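In: sharing a model that was predicted from the sequence below.
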Amino acid sequence: MNPILIPSSAARRLFLGAQGLLADPKRRATKAELLKTIQGMGFVQVDTINVAGRAHDLTLFSRLEGYRPTQLASLLEKDRSLFEGWTHDASVIPSVWYPQWKPRFRRDKPRIEAHPWWRNLLGEEASTVCSQVLERITTEGPLGSADFEHPEKRGLWWGWKPQKAALDYLWRTGRLGVAGRVNFQKRYDLVERLFPGIDQRAEPAPDEHLEWVCSTAAERLLVFTAKELAAFWSALDAAEVRPWCHLAIREGRILPALIEAMDGAEPQAGFVVQDWEKRLANSPEGTPAIRLLSPFDPVVRDRARALRRFGFDYRFEAFVPEPKRVYGYFVFPLLEGEELVGRIDLKLHRNLGYLEVRGLWWEFGIRATKARMKKLNAALEGMAGFLGAKEIVGL
């Protein structure tokens with residue numbers, strides 16, 4: 001079968017639509033709509049950096065302007081319709097998929113145990129520490145790292161004590177789940193108490209798991225390479241998903257494609273869902289407003305894909321030494337319609353009540369017209385209101 005040439009504009013619109021960025025951000029923000037949005041995206045990454053706001057809150061706000069963090073907390077901590085798990089990083093995921101994490105728990109257990117960083121943190125008493133942590137949580141209920149005392153902290157980066165490492169290890173291997181957070185610090189409980197019934201479902205067979213990983217990722221990418229398909233959940237590698245791609249082509253579920261690039265590179269060999277033309281015809285155009293995307297947004301998480309699809313060369317510079325930063329510590333890409341047109345560095349000064357614009361850069365060929373600046377100001381005002389800032393300075 002000859003590959004189909006997918007124009008970059010089509011690949012871009014399909015991807016934005018699949019990731020919830022073509023839907024009206026002003027639609028009513030109920031808990032049901034929030035859950036539907038997260039299910040459509042697949043997951044939302046969680047991160048500790050809080051210069052402007054939490055990564056998951058910023059990602060959800062860009063898609064649903066009426067979103068409030070209390071809604072997410074309710075879905076996570078009361079309804080239990082979401083859980084915190086691991087994809088490429090810590091993420092919020094629909095609980096209905098929890099059994100699909102059992103293969104990951106099983107695979108990650110020996111990897112973590114063998115890793116020098118974890119071995120250093122847990123020390124020779126790893127088994128004893130984990131048993132003691134489990135015993136206390138079984139008896140006392142949800143606990144966090146602060147509930148455990150230890151005279152020694154280990155590790156070059158965060159200085160974790162062994163019990164904190166044990167809690168994270170037991171979470172990453174499926175013995176514990178995140179019951180909630182206090183001041184963003186995780187509190188853990190037994191999985192069987194958090195998700196009764198769901199946790200008892202059997203681990204899926206390898207072929208069932210492969211089908212789930214690939215079909216759900218394909219539905220949330222629509223246009224993809226085998227590497228991108230595997231990277232979506234970070235559950236399998238590209239070599240493991242390629243046989244599924246070949247089978248899906250034979251079954252008529254996906255088609256071989258050449259994906260046109262915005263950065264001038266040769267079209268990339270990949271795949272597209274079978275009904276891509278129908279989906280493209282039925283998809284709305286991107287809203288003309290400007291949206292501020294979190295640096296952890298799925299649209300820019302894969303930097304190479306962002307460059308090919310949008311011609312947008314993006315690097316998250318929080319971990320780059322300040323003298324070497326080109327833009328700034330926490331830079332938001334600016335999405336206007338279906339194009340990434342610029343970037344803006346923001347910092348929330350909570351104690352002083354204002355949102356600071358520390359830098360603004362437009363992409364080559366993008367003019368700061370009055371109409372565009374009006375849209376940017378509207379986006380900043382919306383963000384400031386969401387973050388609780390009373391004014392914006394620096395623009």
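Out: Arrived safely.

In: any idea of the mean pLDDT in stretch 183-196?
Out: For stretch 183-196, the mean per-residue pLDDT is 95.

In: quick one: contacts for Asp79?
Out: By CB atoms under 8 Å, 6 or more residues apart in numbering, the residues touching Asp79 are Lys31. (Each C-beta comes from the backbone N, C-alpha and C, glycine too.)

In: meant to ask about Arg279
Out: With CB under 8 Å, 6+ apart, Arg279 has these contacts: 14, 17, 222, 273.

In: same question for Ala18.
Out: Here Ala18 is in contact with 40, 219-222 (criterion: CB under 8 Å, 6+ apart).

In: dump those to JSON lines, plus neighbour count, distance to Asp302 and pLDDT.
Out: Output for these, formatted as JSON lines (neighbours: other CB atoms under 10 Å; distance: CB to CB, whole Å; pLDDT from 0 to 100):
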{"residue": "Gly40", "neighbour count": "15", "distance to Asp302": "18", "pLDDT": "98"}
{"residue": "Glu219", "neighbour count": "13", "distance to Asp302": "17", "pLDDT": "98"}
{"residue": "Arg220", "neighbour count": "21", "distance to Asp302": "13", "pLDDT": "98"}
{"residue": "Leu221", "neighbour count": "26", "distance to Asp302": "10", "pLDDT": "98"}
{"residue": "Leu222", "neighbour count": "25", "distance to Asp302": "14", "pLDDT": "98"}
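
In: sorry, back to before: looking at the contacts of Arg279, which has the most residues close by?
Out: Using other CB atoms under 10 Å as the neighbour criterion, Leu222 leads the contacts of Arg279 with 25 neighbours.

In: returning to that earlier point: among the contacts of Arg279, name the ones in strands.
Out: If you go by DSSP state E, the contacts of Arg279 have Val273 in strands.

In: let's have the contacts of Ala18 in JSON lines, adding distance to Ser74.
Out: Below are the contacts of Ala18 laid out as JSON lines (distance: CB to CB, whole Å):
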{"residue": "Gly40", "distance to Ser74": "19"}
{"residue": "Glu219", "distance to Ser74": "26"}
{"residue": "Arg220", "distance to Ser74": "24"}
{"residue": "Leu221", "distance to Ser74": "29"}
{"residue": "Leu222", "distance to Ser74": "31"}
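
In: how many neighbours does the nearest residue to Asp47 once chain neighbours are set aside have?
Out: Nearest residue to Asp47, sequence neighbours excluded (CB to CB, 6 or more residues apart in numbering): Ala55, at 3.9 Å. By the criterion of other CB under 10 Å, Ala55 has 23 neighbours.

In: for Ala55, give me its contacts.
Out: For Ala55, the contact set (CB under 8 Å, 6+ apart) comprises 45-47, 49, 294-296.

In: for this structure, which spans come out with low pLDDT?
Out: Across the chain, the ranges flagged by pLDDT under 70 are 150-159.

In: which parts of the stretch 101-250 of the chain are strands?
Out: Assigned by DSSP state E, counting those that start in this stretch, the stretch 101-250 of the chain shows strands spanning 143-144, 176-182, 185-190, 223-224.

In: so which of those gets nearest Asp207?
Out: Closest approach to Asp207 among the strands of the stretch 101-250 of the chain (CB to CB): strand 223-224, 20.5 Å.

In: so which elements touch that closest one?
Out: Packed against strand 223-224 by the contact rule (3 or more CB pairs under 8 Å, 6 or more residues apart in numbering; DSSP states H and E) you find helix 8-18, strand 268-273.

In: want to throw these into JSON lines with distance to Val96?
Out: Listed next are those as JSON lines, based on distance: least, CB to CB, whole Å:
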{"stretch": "helix 8-18", "distance to Val96": "19"}
{"stretch": "strand 268-273", "distance to Val96": "22"}
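
In: out of these, which is closest to Cys130?
Out: helix 8-18 (39.5 Å).

In: and stretch 328-338, end to end?
Out: This stretch, stretch 328-338, spans 24 Å end to end (CA to CA, to the nearest Å).

In: quick one, what contacts the residue sitting nearest the centre point of the chain?
Out: The chain has Gln45 as the residue nearest its centroid, 2.9 Å off, counting by CA atoms, centre = their mean. For Gln45, the contacting residues are 55-56, 59, 87-91, 296, 298, 301, by CB under 8 Å, 6+ apart.

In: quick one: those as TSV, columns for distance to Leu229 too.
Out: TSV is the format used below for the contacts of Gln45 (distance: CB to CB, whole Å):
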residue	distance to Leu229
Ala55	23
His56	23
Thr59	21
Thr87	13
His88	13
Asp89	18
Ala90	22
Ser91	17
Phe296	20
Pro298	14
Arg301	14
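
In: direction included, what does the longest strand belonging to the chain pair up with?
Out: Ranked by residue count, the top strand of the chain under DSSP E comes out as strand 339-349. Strands adjacent to strand 339-349 in the sheet, as given by DSSP bridges, are strand 331-336 (antiparallel), strand 354-362 (antiparallel).
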